[in-house]
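S.K.: Just the structure for this:
(one chain, ligands or ions: 1)
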Amino acid sequence: MSRRKAARAEATPPPVPRCDLAIRPVRRGDLEAVIAIDTQVTGLEKRDYWRSVYRRYGEAAAPGAQFLVGESGGEVIGFIIGEVRDWEFGAPPCGWVFAIDVRPDARQSGIGTRLLESISAGFRRAGVRKVRTMLASDNTLILSFFRSQGMMAGRFIPLEMDLDG
Ligand SMILES: CC(C)(COP(=O)(O)OP(=O)(O)OC[C@H]1O[C@@H](n2cnc3c(N)ncnc32)[C@H](O)[C@@H]1OP(=O)(O)O)[C@@H](O)C(=O)NCCC(=O)NCCS
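M.R.: Now for the predicted structure:
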């Protein structure tokens, strides 16, 4: 190990694995923690958005929809949301992950991995054999994470245009 790397390793203690981590479906009482994590990560509080996500993917979710949280020490420290989408863009049904967030102070201890494993297990139970996601091209952190989980560039590409002007 280089001297610089060794100094960095000494300054940053390795993350402690959370042995009591439980991955479970979201409950209404988790919503404040979910909103707080998203606000911390994105810098924008979207209370109405999260309430509507909860209505759609929470307790009254349609089959194939999943909103899971990671809980440790009695606190929600991460979440993942997705659903099975049928024949979107002509593709056979697959699992879509459209949100994942782990509280910054709880990262790099395997929670993101456990959240993705759990939602993927739910997708398998729902009968699909592929999982897809989309990410901002400049978000290297989330790209590194998904690559580490075995996800690769797929056969779809995003297109967009401005509707003004
Ligand atoms: C991406 C994210 C979910 C990862 O969660 P996590 O709990 O830290 O992930 P894990 O500990 O399970 O890490 C798994 C792998 O991801 C990769 N990874 C995680 N953090 C990384 C980092 N900071 N830099 C590079 N690779 C990283 C590594 O390959 C890691 O494997 P390793 O520990 O063997 O090196 C978390 O960083 C996060 O919430 N980021 C913000 C997400 C975001 O932008 N959400 C908005 C769009 S939905």
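S.K.: what about the residue lying closest to Thr113 once chain neighbours are set aside, how many residues close to it?
M.R.: Leaving aside its chain neighbours, Thr113 sits nearest to Gln149 (6.7 Å; criterion: C-beta to C-beta, 6 or more residues apart in numbering). Bear in mind the C-beta positions are built from the backbone N, C-alpha and C, glycine included. When neighbours are counted by other C-beta atoms under 10 Å, Gln149 registers 14.
S.K.: what's the nearest residue to Leu143 if we skip its chain neighbours?
M.R.: Spatial nearest neighbour of Leu143, excluding adjacent residues (C-beta to C-beta, 6+ apart): Leu135 at 6.0 Å.
S.K.: ok, now Phe156?
M.R.: Phe89 (6.1 Å).
S.K.: and that neighbour, helix, strand or coil?
M.R.: helix (DSSP: H, G, I helix; E, B strand; the rest coil).
S.K.: Name whatever forms a beta bridge with Ala99.
M.R.: Note on Ala99: beta-bridge partners by DSSP bridges are Ile81.
S.K.: ok, Gly122 to Phe67 distance?
M.R.: 11 Å (C-beta to C-beta, to the nearest Å).
S.K.: more crowded one of these two?
M.R.: Phe67 (23 against 20).
S.K.: Quick one: classify the more buried one as helix, strand or coil.
M.R.: Applying three-state DSSP: Phe67 is strand.
S.K.: Excluding chain neighbours, what is closest to it?
M.R.: Sequence neighbours aside, Tyr57 is the residue nearest to Phe67 in space, at 4.0 Å (criterion: C-beta to C-beta, 6+ apart).
S.K.: Could you tell me which residues of the chain lie near the ligand?
M.R.: By C-beta under 6 Å from any ligand atom, the residues of the chain that approach the ligand are 41, 99-102, 107-113, 139, 141-142, 144-145, 148.
S.K.: Select the longest helix from this structure.
M.R.: Ordering each helix of the chain by length in residues (DSSP state H) puts helix 111-125 first.
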